[in-house]
Structures are given as structure tokens and as C-alpha cells.
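*Asks:* no FASTA, just this:
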């Protein structure tokens, strides 16, 4: 029965009209399907669809800037990616994925506090952003704030229970912290 509900929610979300970003009407059904997924294999297509929707934007200029940023990051051209993402967050400050991608860029370039600031912007717009929550955990790990890291990974898993990276990080932290978390 659980698989039938998961499949129905996923099909309904895929059939809905295209929206944009974190406000998309397809997301509630996808998040319900993600929470109900009994395995990482069944969660993966739902998770990927959520990422696709988060990346969408109705403004083609924002879409092109995001594409340019992703391509630049893929070849470690962080300066080009940052210029594009800076434009995205100025032109579309209510677009969570612009902030999230820039947070990722900041993390990759060692600017942990800047990454955390952008993650805060993401989560203000999309509190269910499991990628940002997991990224927050990684930032806190980098700062050696282990309790805060564990809390962030727990929040990510509350949204996406099959998130293997967050689960593995949380298990390591629980071993290190014992009863302290």
C-alpha cells in the first residue's frame, strides 16, 4: 500500500503544471512521497524531481545565470560562478536555489561563515531544503561545532529520511559525542 501511495503522489506531482522554485504546487506531494519512501532507491527519483523543481525559475535570465553558474562550478571556475550567482540573488532574492548554489560555492571555496549566511536565506525561503540543511551540517563540521552539525543533519533527515550522507554524518557524530546530543 505504501508503494501505491508513493507512486500516486509522484505521478500527481509530475502531471501538475510547471511552476517555479520553492513555491511550486507540485512540491507538497513530492515531499509527502519523499517522507514515505521506504528505501534510498525509491526516494532517489523523488529527490531528483524536487531538485529539478527547485532549480526551475520562470525568468529566463535567472535560468541562464543558474546554468552558467553550474557549468562554471563543474570546471572549478569559481569566480565566474560567483559572478553569476551574485546576480541571481540580487535579481531574484526570493529564489531559494540561487542562495543555495552560492552557499555551496562559498563552502567549496572555504568561506564557511558566508555559506552559513546564505543557507539561512535558503531556509527562510524553503525550510524543507534538505540540501541546505545537510550543507549547514557540513559547515558546522568544518567549524568543529559538532552539536550544531548533528542538529542540522537531524533536521535534514526529518525532511528526507533516506538521505544517506546526512545519516552517515549523524552516525559518526553520535559516536563522537555519545550522550551529548
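*Replies:* Yep, it's here. A quick note: this is a predicted structure, and the numbers were derived from the prediction, not measured.

*Asks:* Residue 58: what secondary structure?
*Replies:* coil (DSSP: H, G, I helix; E, B strand; the rest coil).

*Asks:* Could you tell me how many residues sit around it?
*Replies:* Neighbour count for residue 58, taken as other C-beta atoms under 10 Å: 12. Where you see a C-beta, it was placed from the backbone N, CA and C, and this is true even at glycine.

*Asks:* And the contacts of stretch 73-89?
*Replies:* Stretch 73-89 is touched from outside by 62, 65-66, 68-70, 72, 95, 98-99, 101-102, 104-105, 108-109, 118, 121, with contacts defined as C-beta atoms under 8 Å, 6 or more residues apart in numbering.

*Asks:* next one: stretch 107-120
*Replies:* 73, 78, 89, 99-100, 102-104, 106, 132, 135-136, 138-139, 142-143.

*Asks:* Would you mind listing which of these are buried?
*Replies:* Buried members of the contacts of stretch 107-120, counted by 16 or more other C-beta atoms under 10 Å: 73, 78, 89, 99-100, 102-104, 106, 132, 135-136, 138-139.

*Asks:* Can you flag which of those residues belong to helices?
*Replies:* Counting by DSSP state H, the buried ones among the contacts of stretch 107-120 place 73, 78, 89, 99-100, 102-104, 106, 132, 135-136, 138-139 in helices.

*Asks:* Just the closest of those residues to residue 49, please.
*Replies:* Closest approach to residue 49 among those (C-beta to C-beta): residue 100, at 16.4 Å.

*Asks:* if I pick the closest one, what's in contact with it?
*Replies:* Here residue 100 is in contact with 54, 118, 119, 122, 129, 131, 132, 135 (criterion: C-beta under 8 Å, 6+ apart).
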